[in-house]
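**Q** coordinates only, no sequence provided:
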């Protein structure tokens with residue numbers, strides 16, 4: 001006997017079907033009342049035999065009336081997969097949320113947001129957010145620069161036109177590209193226990209530089225997403241939100257603001273912010289050995305912590321540089337080089353894997 005029924009009626013007729021089938025029918029977890037399961041035409045249902053063809057708009061589904069198949073569908077969880085474009089696309093750096101009234105008022109330099117964050121605006125549209133637990137977020141939307149440091153200073157994420165760096169404890173992930181858009185080169189690297197793994201987007205081979213030299217390897221690399229900034233900024237930070245507003249106001253009232261020579265010094269929550277006349281801004285947190293320097297006029301940054309030292313610049317010498325102990329990474333938009341255990345390797349200007357003889361040195365960072 002032919003059976004014809006809609007997906008919306010399936011949940012209502014399961015008891016009757018279960019009595020006629022040896023295997024019990026498990027209710028599907030899919031919402032049959034939500035698109036695209038709502039049929040565009042009630043007459044677009046036809047079927048005969050053991051299967052039905054149901055048309056919903058542009059979707060055509062063949063639904064076998066078999067309890068085992070329905071049980072398998074009900075037990076599965078749909079997964080969302082991100083399709084990455086083959087072209088180099090640098091997403092815009094997201095602005096920190098709740099940027100307070102200072103974002104639209106040039107006369108107001110400091111404020112407390114509704115989320116209990118101490119918000120500071122300096123010259124050249126530099127926005128600095130500080131939580132009561134000491135987390136730091138520095139943003140320069142005009143240069144697409146965003147830096148976040150967690151409250152315990154164990155996690156750091158850096159967004160820059162020349163690349164992205166995500167550091168968690170001793171593990172560091174890097175993606176480097178040419179911020180001047182003179183080429184379409186993208187490089188990936190990972191600092192971990194075995195050494196430094198690296199690869200190029202257009203070369204399907206992973207290389208590892210360890211104490212024994214250069215070798216091919218099998219490894220995975222993290223796609224550093226935009227939302228890592230919020231994850232790092234809120235990591236191990238419990239005193240934020242509307243409940244922290246009063247404490248943030250009290251912290252603001254205890255801050256100090258002084259002028260020394262041509263520098264403006266603002267101290268709050270054991271964090272010192274120094275604004276210089278040349279546009280350079282320094283944020284220091286001595287208790288956690290954190291130093292952040294940014295010059296939006298040259299697109300330059302320098303971040304130093306207990307785990308890493310990173311610099312990047314869009315000035316006369318565009319580059320991305322990372323140091324962790326005796327390990328190095330340097331990318332100038334064309335040549336990519338990593339160093340570990342006395343061995344240097346990477347990709348040369350011809351996009352060929354190369355073993356370099358000279359050491360990777362710290363580039364001159366003139367902020």
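**A** Noted; the coordinates are in hand. Please read all numbers here as calculations on a predicted model, not as lab measurements. Numbering: from 1, shown residues only.
**Q** separation between the closest residue to residue 255 other than its chain neighbours and residue 222?
**A** Take residue 255 and drop its neighbours on the chain: the residue closest to it by C-beta to C-beta, 6 or more residues apart in numbering is residue 268, 3.8 Å away. Quick note: C-beta positions are derived from backbone N, CA and C, even for glycine. Distance from residue 268 to residue 222, counting by C-beta to C-beta, to the nearest Å: 33 Å.
**Q** who has more neighbours, those two?
**A** Looking at residue 268 and residue 222 with other C-beta atoms under 10 Å, you find the greater number of neighbours at residue 268, namely 19 against 15.
**Q** so that one is in contact with residue 253, correct?
**A** No: counting by C-beta atoms under 8 Å, residue 268 stays clear of residue 253, with 9.8 Å between them.
**Q** low-confidence ranges in this protein?
**A** For the chain, the stretches flagged by pLDDT under 70 are 1-108, 226, 358-367.
**Q** the domain parsing of it - what is it?
**A** For the chain, automatic domain parsing gives the domain ranges 14-75, 101-356.
**Q** out of those domains, indicate the one that is most buried.
**A** Among the domains of the chain, ranked by average contacts under mean count of other C-beta atoms under 10 Å, first place goes to domain 101-356 (a mean of 18).
**Q** ranges for the strands of the stretch 251-367 of the chain?
**A** Along the stretch 251-367 of the chain, counting by DSSP state E, counting those that start in this stretch, strands occupy 256-260, 263-268, 271-275, 281-285, 290-295, 300-304, 309-313, 319-324, 327-331, 336-340, 343-347, 353-356.
**Q** a markdown table for these, including distance to residue 187?
**A** Formatted as a markdown table, the strands of the stretch 251-367 of the chain follow (distance: least, C-beta to C-beta, whole Å):
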| stretch | distance to residue 187 |
| --- | --- |
| strand 256-260 | 42 |
| strand 263-268 | 37 |
| strand 271-275 | 33 |
| strand 281-285 | 28 |
| strand 290-295 | 24 |
| strand 300-304 | 19 |
| strand 309-313 | 14 |
| strand 319-324 | 9 |
| strand 327-331 | 6 |
| strand 336-340 | 5 |
| strand 343-347 | 7 |
| strand 353-356 | 12 |
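**Q** relative to residue 188, which of those is closest?
**A** Taking C-beta to C-beta as the criterion, strand 336-340 is the member of these that comes nearest to residue 188, at 9.8 Å.
**Q** so what touches the closest one?
**A** Around strand 336-340, the neighbours that count as contacts under C-beta atoms under 8 Å, 6 or more residues apart in numbering are 176, 185, 187, 189, 195-196, 198, 200, 209-211, 326-331, 344-347, 356, 359-360.
**Q** let's see it at 6 Å
**A** By C-beta atoms under 6 Å, 6 or more residues apart in numbering, the list of residues contacting strand 336-340 from outside reads 187, 195-196, 198, 209, 327-330, 344, 346-347, 356, 360.
**Q** please apply the same query to stretch 212-230.
**A** With C-beta under 6 Å, 6+ apart, stretch 212-230 has contacts from 91, 94, 146, 148, 157, 164, 166, 173, 175, 188, 197, 205-208, 343, 345, 355.
**Q** how far does that stretch stretch from start to finish?
**A** Stretch 212-230 stretches 38 Å from its first residue to its last (C-alpha to C-alpha, to the nearest Å).
**Q** now swap in stretch 264-273 and tell me
**A** The first and final residues of stretch 264-273 sit 8 Å from each other (C-alpha to C-alpha).
**Q** do the same with stretch 140-154
**A** 23 Å.
**Q** then stretch 282-298?
**A** Per C-alpha to C-alpha, the first residue of stretch 282-298 is 15 Å away from its last.
**Q** which stretches of this protein form helices?
**A** For the chain, helices defined by DSSP state H occupy the ranges 14-20, 67-75, 228-234, 245-253.
**Q** the last one packs against which elements?
**A** Read that as helix 245-253. Under the contact criterion of 3 or more C-beta pairs under 6 Å, 6 or more residues apart in numbering; DSSP states H and E, helix 245-253 touches strand 110-112.
**Q** on that earlier part again, and the residue nearest to residue 255, how far is that from residue 256?
**A** 8 Å.
**Q** what of residue 147?
**A** Going from residue 147 to residue 256 by C-beta to C-beta gives 24 Å.
**Q** also residue 289?
**A** Distance from residue 289 to residue 256, counting by C-beta to C-beta: 22 Å.
**Q** same question, residue 273
**A** The gap separating residue 273 from residue 256 is 11 Å, by C-beta to C-beta.
**Q** re the thing from before, quick check: the residue nearest to residue 255 vs residue 244, distance?
**A** Relative to residue 244, and taking C-beta to C-beta, residue 268 is found at 14 Å.
**Q** ditto for residue 119
**A** Taking C-beta to C-beta, one finds residue 119 at 13 Å from residue 244.
**Q** same question for residue 285.
**A** Residue 285 sits 19 Å away from residue 244, going by C-beta to C-beta.
**Q** same check, this time on residue 320
**A** 35 Å.
**Q** could you do residue 157 as well?
**A** For residue 157 relative to residue 244 (C-beta to C-beta), the value is 22 Å.
**Q** I'd say residue 190 and residue 199 touch.
**A** No: counting by C-beta atoms under 6 Å, residue 190 stays clear of residue 199, with 9.3 Å between them.
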